[in-house]
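Colleague: I would like to see how this sequence folds:
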Amino acid sequence: MGRKPKSAKAAKPDPAPAKESVKPSEVLAMVPEGPLKRGIAAAIAERDAKEGSAPTWSMSPRWTRRTRRASQVAERGKVMRTIFKYPLEVTDNEQKMLMPEGARVVNVGTQLDGFVYLWALVDSSSRPFSVTTIRTFVIVGTGHPIPDGVEYVGTVQQGPFVWHVLEDPRG
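Modeller: Numbering: from 1, shown residues only. Sure, this is the predicted structure:
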């Protein structure tokens, strides 16, 4: 009888943003099975119970590509140290970041785009995705109260404002 109508072309997906929000469950999916994954799952459940909603974490898509490349070099047995860049939001809330185990923060600052970033030195020959940790950072302005138990990481100037980046070693 009649012919089927031609289906409309599928709309092209929007290009990936430079920085995306990642749900904790998506971060958990990237972590291999083991005690770290169980610990992260427990921390997510505890936080959700306190806040009543799931927070989002920021993670640069480029971070995952670079980490994969570093893992490939590690498979060939070469030692490789790399500096990774992590975006920070100037906010009153703590920020969680998934970082390779043993990453050492070497600098905080802004770039020409005006955003605040954190740079960390990583031994990428140890397969960063195999052992990762969630680290908690807080940003406070000059003259504002500092939460108990945090350690100083660095200071960054953003226009007329001065921000101090602190890390909570308790997570």
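
Colleague: where do the strands sit along the chain?
Modeller: In the chain, the strands defined using DSSP state E lie at 20-22, 57-59, 81-88, 95-100, 104-110, 116-123, 132-141, 151-158, 161-168.

Colleague: now those strands as TSV including distance to residue 44 and mean neighbour count?
Modeller: (C-beta placed from N, C-alpha, C; glycine too.) TSV is the format used below for these (distance: least, CB to CB, whole Å; neighbours: other CB atoms under 10 Å):
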stretch	distance to residue 44	mean neighbour count
strand 20-22	12	14
strand 57-59	10	17
strand 81-88	19	17
strand 95-100	10	22
strand 104-110	23	15
strand 116-123	22	19
strand 132-141	9	18
strand 151-158	24	14
strand 161-168	17	17
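
Colleague: can you put those strands in a markdown table and add mean pLDDT?
Modeller: Converted to a markdown table, the strands of the chain look like this (pLDDT from 0 to 100):
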| stretch | mean pLDDT |
| --- | --- |
| strand 20-22 | 54 |
| strand 57-59 | 49 |
| strand 81-88 | 89 |
| strand 95-100 | 89 |
| strand 104-110 | 93 |
| strand 116-123 | 90 |
| strand 132-141 | 92 |
| strand 151-158 | 94 |
| strand 161-168 | 94 |
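
Colleague: got CSV for the ones you listed, with distance to residue 45 too?
Modeller: Below are the strands of the chain laid out as CSV (distance: least, CB to CB, whole Å):
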stretch, distance to residue 45
strand 20-22, 17
strand 57-59, 15
strand 81-88, 25
strand 95-100, 14
strand 104-110, 28
strand 116-123, 27
strand 132-141, 14
strand 151-158, 26
strand 161-168, 19
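
Colleague: out of these, nearest to residue 43?
Modeller: Closest approach to residue 43 among these (CB to CB): strand 132-141, 6.9 Å.

Colleague: beta partners for residue 163?
Modeller: In this entry, residue 163 is beta-bridged to residue 141, residue 156, by DSSP bridges.

Colleague: list the contacts for it?
Modeller: By CB atoms under 8 Å, 6 or more residues apart in numbering, the residues touching residue 163 are 90, 116, 139-141, 155-157.

Colleague: bridging residues for residue 136?
Modeller: Going by DSSP bridges, residue 136 forms beta bridges with residue 96, residue 168.

Colleague: for residue 163, see how far away residue 115 is.
Modeller: 12 Å (CB to CB, to the nearest Å).

Colleague: cool, and residue 133?
Modeller: Shown here: residue 133 relative to residue 163, a distance of 24 Å by CB to CB.

Colleague: repeat for residue 104
Modeller: Residue 104 is 20 Å from residue 163, by CB to CB.

Colleague: please name the nearest non-neighbouring residue to residue 117.
Modeller: The shortest distance from residue 117 to any residue other than its chain neighbours is 5.3 Å, reached at residue 85 (CB to CB, 6 or more residues apart in numbering).

Colleague: fine, thanks again, bye for now.
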